[in-house]
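In: test case, fold it:
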Amino acid sequence: MKYKVSCHCGKVAFEFEGDVREGLACNCSICQRKGSLLAFMPYAKLKWISGENAMTSYTFNKHVIRHRFCPTCGMHTHGEGKDRDGNLTAAVNMRCVEGIDLATLAVKHFDGRAL
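Out: Numbers count the residues shown, from 1 in each chain. Next comes the predicted model:
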């Protein structure tokens, strides 16, 4: 299935293909405040439509995850980091996916405060 992701104002947009059945709800200090529901995938799966180079980043704590957001509307579309093997990974905010029924996703809770 092809999914389209965008920020609120539409400046940032990308697509990815896959079969998303689960979202991760993290309780770390930033994810809890944002209320994001994340799906992880290789960054190479993202097909950019617009705004890749216009995004702003925020890092904190160990500075290993780049929290990416639109500089115009402030919407957090995804985060970027590396998996255990060093591969660039995207954590897509499923709340920014157009037309998805979030109620169909299983929610896995992650204790990010413990890290």
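
In: who's in contact with A44?
Out: A44 is in contact with L88, counting by C-beta atoms under 8 Å, 6 or more residues apart in numbering. C-beta coordinates here come from the backbone N, C-alpha and C atoms, glycine included.

In: convert the C-alpha atoms of stretch 10-20 to PDB, please.
Out: Provided in PDB are the C-alpha atoms of stretch 10-20 (Å, rounded to 0.1, in the frame of the first residue of the first chain):
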ATOM      1  CA  GLY A  10       1.500  21.000   2.800                       C
ATOM      2  CA  LYS A  11       5.100  22.400   2.400                       C
ATOM      3  CA  VAL A  12       6.500  19.000   3.500                       C
ATOM      4  CA  ALA A  13       5.300  15.900   1.800                       C
ATOM      5  CA  PHE A  14       6.600  12.400   1.100                       C
ATOM      6  CA  GLU A  15       5.300   8.900   0.300                       C
ATOM      7  CA  PHE A  16       6.300   5.400   1.300                       C
ATOM      8  CA  GLU A  17       5.100   2.000   0.400                       C
ATOM      9  CA  GLY A  18       4.500  -0.800   2.900                       C
ATOM     10  CA  ASP A  19       2.000  -2.500   5.100                       C
ATOM     11  CA  VAL A  20       1.700  -0.500   8.400                       C
END
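
In: check what contacts that stretch and list those residues.
Out: 1-7, 39, 41, 45-52, 54-55, 70-73, 75, 77, 90, 92, 94, 97, 100, 105.

In: give me the buried subset of those residues.
Out: With burial judged by 16 or more other C-beta atoms under 10 Å, the buried subset of the contacts of stretch 10-20 is 3, 5-7, 39, 41, 46, 51, 55, 70, 75, 77, 90, 92, 94, 97, 100, 105.
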